[in-house]
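J.: Structure for this input, please:
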Amino acid sequence: MAQAETKPNNRPLSPHLSIWRWGPAMAVSILHRVTGDGMALVGLGVLVWWLAALAGGEASFAAFTAHAGAWYGKVVLVGLSWAFFTHMASGIRHFVLDLGAGYELNSNALWSWITPLLALVATALFWAAIWLN
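T.: Numbering: from 1, shown residues only. Reported below is the predicted structural model:
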């Protein structure tokens, strides 16, 4: 029976995090995934709770609004809106990249910094409009 010849493995290794330098594009990409997961988990829980409170009657809805109006409820709602605006801005950035634009290093780095800043401004404007009315 023939023996398999053993050769040294000269195949390239997959890039690892220790090889790559962290940059703003990597951070925005990871933030896009985290905010999507956060909206799916926390946002879905809040939405289902709100719908159940609507269907449950006046006392159930009053309990929901009491928790949503408390400081911890406001933190959750502001966090969810920040996650939404961050995910949306990053999604638009990714859409532009999918069109084939914005891959130049300077342009990509600039939009990677602008994306979370736009999300913060949009969140602040959103909550300012709610609290001032």
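J.: Can you tell me how far the residue nearest to the spatial centre of the chain is from F126?
T.: Centrality entry for the chain: nearest residue to the mean C-alpha point is T35, 2.1 Å, by C-alpha atoms, centre = their mean. T35 is 15 Å from F126, where distance means C-beta to C-beta, to the nearest Å. C-betas here are computed from N, CA, C, even on glycine.
J.: Y103 too?
T.: Distance from Y103 to F126, by C-beta to C-beta: 31 Å.
J.: Then H32?
T.: Distance from H32 to F126, by C-beta to C-beta: 19 Å.
J.: so who does G23 touch?
T.: 109, 112 (C-beta atoms under 8 Å, 6 or more residues apart in numbering).
J.: let's see 7 Å
T.: A109 (C-beta atoms under 7 Å, 6 or more residues apart in numbering).
J.: for V46, same thing?
T.: By C-beta under 7 Å, 6+ apart, the residues touching V46 are 76, 80.
J.: And it, which helix or strand is it part of?
T.: Using DSSP states H and E, V46 sits in helix 44-56.
J.: what pLDDT, on average, does that helix get?
T.: Helix 44-56 comes out with an average pLDDT of 97.
J.: Over to stretch 23-33?
T.: 91.
J.: now it, how far from the chain's geometric center?
T.: 9 Å (C-alpha atoms, centre = their mean, to the nearest Å).
J.: Please provide the alpha-carbon coordinates for it, formatted as PDB.
T.: Extracted in PDB, the C-alpha atoms of stretch 23-33 (Å, rounded to 0.1, in the frame of the first residue of the first chain):
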ATOM      1  CA  GLY A  23      -9.400  51.400  12.100                       C
ATOM      2  CA  PRO A  24     -12.600  53.400  12.000                       C
ATOM      3  CA  ALA A  25     -14.200  51.300   9.300                       C
ATOM      4  CA  MET A  26     -13.800  48.100  11.400                       C
ATOM      5  CA  ALA A  27     -15.300  49.900  14.400                       C
ATOM      6  CA  VAL A  28     -18.300  51.100  12.400                       C
ATOM      7  CA  SER A  29     -18.800  47.600  10.900                       C
ATOM      8  CA  ILE A  30     -18.800  46.000  14.300                       C
ATOM      9  CA  LEU A  31     -21.000  48.700  15.700                       C
ATOM     10  CA  HIS A  32     -23.500  48.100  12.900                       C
ATOM     11  CA  ARG A  33     -23.700  44.400  13.900                       C
END
